[in-house]
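Asks: no sequence for this one, just the structure:
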Ligand code: HEM
């Protein structure tokens, strides 16, 4: 007896198999989703009434970041604007709150209990190393106690000479590029990295003159880390490798070797914005020059004793960091239920602090896009809540390098401004479009150039 199967039957079998597979897939997905809801039930219930963007199953609100990397930060900023004071978003399986109300910010950042870093930092740890920035709490406590004294006044004072010496090399490089549109961030990154290697490790690399492109590679590493951080499909190792990102990042890391964990370029980013601002607002530039000349003089090397007298310059730096907070964003892990009066932020959630919107919130900063250094006159500062302005974060886990960075910036500005007039093609703050690769950057370049200053008429 022979059995024959008709083409029609084969077709029916195929359809049935497909239906079974589809059904199995949907069932597995449903089971996984119910399992997820069950595991996260406490977070879901406690955050239920908190406003936020639409969350889809599995991905939550992460679909909002399926955009070109340079637009991700803007989207985050808009989210803060759309949900004033506080909002929430599910980022895959992670519940993330974003807050802009200073009282809420203070409650989290000022707490000695909420000092754990969000596990979003794992990506940073994986490629850049743990450092103090991302260290788990017990290790952080121990290391911070050891490191803080190394930033004391006496030690900082001894660094000023290095700041000044390296700033003179910067001046030589600027002099070779007079009149050209410069990649100012690159030039400044090399200078601040050169300074950091010397002051932190005693290494004399002469990075400013070498052509090893450290800052370029560092930038690429940061860009890739940022992508992995915020586009959750990149968390899947297979996808990350398939897209070729792992190979790229390892390539850059290999050549950065021992510099990688020192490669912070926040100071250089901040300075690049200061230069742009000085170029845009010539009256501000003139006042900075006037102050530098009156405190330090036309040729004298800046010394520690001068720096605390540069009040106007300091206000210019602070106002620049308000509009362009180069530390862009950071996250904390909520290790215990935290009561805010009207609501509770549940244990195991995360808090995101996006600094651009916090610093430009019209509720606390009238006419926020106006560049006005006098917002930082002591009497004006006293009127504001301290957490309306947090470029160096706030509380027990704030930036330990803030005084170092401030002094470094003042020395560089004082050295450069006496020899060069700074120009910038941007005309107003709104013209500067931003992106971030962890630190804040110009989306369309800094558009800065310098010309030699004729000191007979400045
Ligand atoms: C303008 C320059 C700088 C800005 C705007 C800045 C900003 C910040 C911000 C916002 C944080 C908190 C980050 C977070 O919680 O994830 C931070 C932490 C930190 N910064 Fe800075 N920073 C600057 C320069 C520096 C420099 C020059 C150093 C070192 C020499 C430094 C060392 C650190 C360290 C070690 C931490 C981690 C502190 C901790 O977790 O206890 N920073 N910085």
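Replies: Perfect, I can see it now. Computed from a predicted structure; not experimentally measured.
Asks: Tell me the helices and strands packed up against the worst-scoring helix or strand of the chain on mean pLDDT.
Replies: Lowest mean confidence among the helices and strands of the chain (mean pLDDT, DSSP states H and E): helix 122-128, at a mean of 78. For helix 122-128, the packing partners by 3 or more C-beta pairs under 8 Å, 6 or more residues apart in numbering; DSSP states H and E come out as helix 214-230. All C-beta atoms are positioned from the backbone trio N, CA, C, and that covers glycine.
Asks: in the helix or strand following the helix it packs on, what counts as buried?
Replies: Using DSSP states H and E, the helix or strand that follows helix 214-230 in sequence is helix 237-242. Within helix 237-242, the residues that count as buried by 16 or more other C-beta atoms under 10 Å are residue 240.
Asks: Stretch 147-161 now?
Replies: Under 16+ other C-beta under 10 Å, the buried positions of stretch 147-161 are 156, 159-160.
Asks: So which of those reach the ligand?
Replies: With the criterion set as C-beta under 6 Å from any ligand atom, no member of these is near the ligand.
Asks: ok, those residues vs residue 331, which is closest?
Replies: residue 156 (28.9 Å; C-beta to C-beta).
Asks: Roughly how far does the closest one sit from residue 131?
Replies: 20 Å (C-beta to C-beta, to the nearest Å).
Asks: Which helix or strand lies directly C-terminal to the helix or strand harbouring residue 10?
Replies: Assigned by DSSP H and E, residue 10 falls within helix 7-39. Beyond helix 7-39 on the C-terminal side, the first helix or strand identified by DSSP H and E is helix 41-47.
Asks: For the next helix or strand after that following helix, which helices and strands make contact with it?
Replies: The first helix or strand that comes after helix 41-47 along the chain, using DSSP H and E, is helix 69-82. Here helix 69-82 touches strand 86-91, strand 94-99, helix 214-230, strand 350-354, helix 355-360, strand 434-437, going by 3+ C-beta pairs under 8 Å, 6+ apart.
Asks: ok, then the element right after the last one?
Replies: Counting by DSSP H and E, the next helix or strand C-terminal to strand 434-437 is strand 439-442.
Asks: what residues does the stretch 1-150 of the chain put near the ligand?
Replies: Near the ligand, when you scan the stretch 1-150 of the chain using C-beta under 6 Å from any ligand atom, you find 132-133, 140, 144.
Asks: Need those in JSON lines (columns: distance to residue 324, neighbour count and secondary structure).
Replies: Output for these, formatted as JSON lines (distance: C-beta to C-beta, whole Å; neighbours: other C-beta atoms under 10 Å; DSSP: H, G, I helix; E, B strand; the rest coil):
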{"residue": "132", "distance to residue 324": "24", "neighbour count": "16", "secondary structure": "coil"}
{"residue": "133", "distance to residue 324": "20", "neighbour count": "18", "secondary structure": "coil"}
{"residue": "140", "distance to residue 324": "28", "neighbour count": "21", "secondary structure": "helix"}
{"residue": "144", "distance to residue 324": "27", "neighbour count": "15", "secondary structure": "helix"}
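Asks: Can you spell out which helices and strands pack onto the strand or helix carrying residue 162?
Replies: Taking DSSP H and E as the criterion, residue 162 maps to helix 153-176. With contacts defined as 3+ C-beta pairs under 8 Å, 6+ apart, helix 153-176 has these neighbours: helix 184-201, helix 304-307, helix 402-419.
Asks: And the helices and strands packed on helix 69-82, which one averages the lowest pLDDT?
Replies: Taking each of the helices and strands packed on helix 69-82 in turn, the lowest mean pLDDT turns up on helix 214-230, with a mean of 82.
Asks: Give me the contact status of it with the ligand.
Replies: No. Counting by C-beta under 6 Å from any ligand atom, the ligand has no neighbours in helix 214-230; the shortest distance is 11.8 Å.
Asks: between that helix and helix 184-201, how big is the angle?
Replies: 90 degrees (axes from the mean of the first three to the mean of the last three C-alpha atoms, to 10 degrees).
Asks: what angle do helix 214-230 and strand 86-91 make?
Replies: 90 degrees.
Asks: buried residues in helix 214-230?
Replies: 214-215, 217-230.
Asks: The ligand: which of those is nearest?
Replies: Nearest to the ligand among these is residue 229, at 11.8 Å by C-beta to the nearest ligand atom.
Asks: Hmm, residue 229 is touching residue 120, no?
Replies: Yes. Using C-beta atoms under 8 Å, residue 229 makes contact with residue 120 at a distance of 5.8 Å.
Asks: Residue 384 - how many residues pack around it?
Replies: Burial of residue 384 is recorded as 14 neighbouring residues (other C-beta atoms under 10 Å).
Asks: In contact with the closest residue to it other than its chain neighbours: list those residues for me.
Replies: Of all residues not flanking residue 384 in the chain, residue 364 sits nearest, at 6.5 Å (C-beta to C-beta, 6 or more residues apart in numbering). Contact analysis of residue 364 by C-beta atoms under 8 Å, 6 or more residues apart in numbering lists 102, 384-385, 388.
Asks: try it again with 10 Å
Replies: Each residue near residue 364 by C-beta atoms under 10 Å, 6 or more residues apart in numbering is listed here: 100-102, 358, 384-385, 387-389.
Asks: Find the closest residue to the ligand in the chain.
Replies: residue 401 (2.1 Å).
Asks: Please consider this matter closed, and thank you.
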